[in-house]
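J.: Sharing a model that was predicted from the sequence below.
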Amino acid sequence: QIIDLIRIKQWSESIPGPSLWQFVRKSRKIGVLDWLKLAHKQYGPVFRIWMGKDLFVFFTDPDDIKTLLSSTSLLHKSSNYKQLDSWLGEGLLLNGGEAWHERRKLLTPAFHFNILSEFKEPMEENCQILIERLKEKATTGEPFDVYPYITLFALDVIYETAMGLKKHAQLESDSVYVKAVQEICRIYLQRNYSILHRNNTFFKFSKLGREHRACVRILHDETDRLLKLKRKMFEECTTDILKTKVNLSDDLKGKRRLAFLDMLLISQMEGMPLTDKEIREEVDTFMFAGHDTVSSVIAFTIYLLSQNANIQQQAYEELLDAARDGREYLPYLEAVIKESLRFYTVVPFFSRQVTEDLRVGSIIVPKKVNVAVFAYMTHRDERYYPQPEKFDPTRFLQNDHNSHTHSFVPFSAGPRNCIGQRFAMLELKCALSSLLRTFEFLPVEGFQPILLPAIVMKSENGVKVRLKLRN
Ligand code: HEM
């Protein structure tokens with residue numbers, strides 16, 4: 001291990017980057033995202049950061065991103081993901097190698113194109129609840145933070161579609177679950193940039209460590225409760241199915257929608273060696289990955305539309321035209337969503353651990369180094385996005401626009417891309433079109449989100465808008 005460390009330390013000197021102390025001091029002062037942006041400006045498209053004993057090399061050039069994300073040998077997540085272990089265990093997001101591959105194969109049919117449209121109804125139903133809750137805000141027209149409303153909506157959607165149960169978090173006054181997820185993300189961010197807290201023993205006995213354990217307990221208790229309930233319902237119902245000798249696997253092939261949890265329970269009943277713990281890890285992973293990301297995108301898109309009245313109007317008019325012509329295809333709204341995913345890349349960076357020496361461009365990255373895709377900056381590459389700080393959905397409408405296969409990677413790409421990408425796009429279109437049809441989003445004077453890359457990008461000061469009910 002020491003020899004590896006010395007070897008990596010020597011190699012790291014060939015890559016530009018700050019010292020650990022410079023990084024910690026400056027990122028504390030200006031925030032991690034701004035610091036990374038500055039580092040990109042100062043050191044160029046490839047730069048390195050030491051986080052404790054772990055070396056991270058950040059890449060932003062689409063050619064390099066293509067090499068990294070297409071690689072079939074780069075399937076293990078980087079060391080910093082380990083901090084999520086006690087919560088998400090060996091679920092799909094954190095798992096690596098052959099175990100990951102088996103799970104991915106098992107879970108992919110749950111997001112098959114053919115059954116996606118079946119998710120629309122629960123998405124629309126939950127959106128109606130959201131609209132009713134927001135109408136209250138529209139009557140006063142006062143500025144408010146829209147994010148908490150959206151996140152409960154997204155939680156209800158993932159509960160119902162992935163778990164096959166209704167949660168109605170939107171109708172509860174306060175969701176303990178959502179709060180615990182947000183706390184864990186905050187702790188993760190704080191821990192990642194604190195030399196002391198990166199040490200497991202120190203973290204374990206620190207206040208932050210205790211807070212972390214309390215959050216994990218809340219989240220695991222909720223999943224256990226849900227699993228117990230689901231298993232009971234499921235056993236009652238599958239005994240009937242089994243009696244009629246229907247082949248359960250047929251259902252998996254898309255004859256009717258099965259919540260993803262149903263698939264896991266069926267696999268277990270049909271002899272797939274998934275333990276209860278493994279099922280819980282997948283449930284936790286999907287609950288987190290499926291609601292936290294979508295919440296941020298919807299909230300940021302509402303904010304961006306509130307700031308860009310012309311774009312909002314155009315998206316609204318497209319909805320009216322589509323309703324008149326009875327068509328579902330909404331190219332402008334889709335472009336708005338893509339531009340929002342570019343502008344506020346909600347997973348701003350994600351990383352892997354190199355397990356065998358890897359050539360990326362002219363660099364050979366040695367094994368045990370962590371490589372990070374800094375998608376937020378790739379999405380600001382002026383060669384592909386002129387005036388990158390301008391919110392301009394037409395970029396995604398022009399067929400001739402100067403693009404690169406890997407200049408737009410909000411969902412990652414390649415074998416470890418986002419399994420829920422199509423599901424997310426459906427939910428985004430469904431929610432944003434319903435909200436746009438009902439409300440006009442108005443700006444709040446002087447408000448600007450302060451970006452916080454807490455695994456998923458959030459806004460430290462909320463996402464403030466005003467609403468006006470449309471006629
Ligand atoms: C706009 C919303 C979303 C965005 C921007 C997004 C983005 C991403 C990104 C960038 C990754 C790769 C992370 C990494 O390599 O560390 C990822 C992975 C993943 N996402 Fe999403 N995601 C979204 C929605 C969803 C939804 C709705 C679900 C589930 C229903 C989901 C489930 C997952 C899972 C399970 C993985 C791990 C896949 C694997 O490693 O095989 N995501 N997502």
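T.: Thanks, I have the structure now.

J.: How about residue 186: what's its closest non-neighbour residue?
T.: residue 454 (5.7 Å; C-beta to C-beta, 6 or more residues apart in numbering). Where C-beta positions appear, they are placed from N, C-alpha and C, glycine not excepted.

J.: correct me, but that neighbour touches residue 188?
T.: Yes: because the distance of 6.7 Å satisfies C-beta atoms under 8 Å, residue 454 is recorded as touching residue 188.

J.: More neighbours: which of these two?
T.: Summary of the neighbour comparison: residue 454 and residue 188, criterion other C-beta atoms under 10 Å, with residue 454 having more neighbours (21 against 17).

J.: Bridged to the residue nearest to residue 186, which residues?
T.: Legend: beta-bridge partners of residue 454 under DSSP bridges are residue 456.

J.: can you give me the strands for the stretch 251-400 of the chain?
T.: For the stretch 251-400 of the chain, strands defined by DSSP state E, counting those that start in this stretch occupy the ranges 350-353, 358-360, 363-365, 370-373.

J.: For residue 297, find the nearest of these.
T.: Closest of the strands of the stretch 251-400 of the chain to residue 297 is strand 350-353, at 15.8 Å (criterion: C-beta to C-beta).

J.: Distance from the chain centre to that closest one, please.
T.: What separates the centre of strand 350-353 from the centre of its chain is 15 Å, taken as C-alpha atoms, centre = their mean, to the nearest Å.

J.: did I read that right, residue 55 in a strand?
T.: Yes: the assignment for residue 55 is a strand, going by DSSP: H, G, I helix; E, B strand; the rest coil.

J.: So what pairs up with it in the strands?
T.: As assigned using DSSP bridges, the partners bridged with residue 55 are residue 50.

J.: count of neighbours near it?
T.: Residues contacting residue 55 under the criterion other C-beta under 10 Å number 23.

J.: do the one 4 residues further on as well
T.: Residue 59 sits with 27 neighbouring residues when counted by other C-beta under 10 Å.

J.: any idea how far residue 77 is from residue 83?
T.: In this view, residue 77 and residue 83 are 11 Å apart by C-beta to C-beta, to the nearest Å.

J.: For this protein, which residues score under the pLDDT cut-off?
T.: Residues of the chain that meet the criterion pLDDT under 70 lie in 20, 23-29, 173-174, 238-258, 272-273, 400-402.

J.: Show me what from it comes close to the ligand.
T.: Residues of the chain lying close to the ligand by C-beta under 6 Å from any ligand atom are 92-93, 104, 162, 285-286, 289-290, 293-294, 297, 346-347, 350, 410-412, 416, 418-420, 423-424.

J.: Can you say which of these are buried?
T.: Buried members of these, counted by 16 or more other C-beta atoms under 10 Å: 92-93, 162, 285-286, 289-290, 293-294, 297, 346-347, 350, 410-412, 416, 418-420, 423-424.

J.: Where does residue 228 sit, in terms of helix or strand?
T.: When secondary structure is defined using DSSP states H and E, the element that contains residue 228 is helix 207-243.

J.: Packing partners of that helix?
T.: Using 3 or more C-beta pairs under 8 Å, 6 or more residues apart in numbering; DSSP states H and E, the elements in contact with helix 207-243 are helix 85-88, helix 176-192, helix 248-250, helix 260-269, helix 276-307.

J.: Flag every buried residue along it.
T.: By neighbour count, with 16+ other C-beta under 10 Å as the criterion, the buried positions of helix 207-243 are 208-209, 211-212, 215-216, 218-220, 222-223, 226-227, 230, 234, 238.

J.: And these, which is closest to residue 50?
T.: When the buried residues of helix 207-243 are ranked by distance to residue 50 (C-beta to C-beta), residue 208 comes first, at 21.2 Å.

J.: No further questions, thank you.
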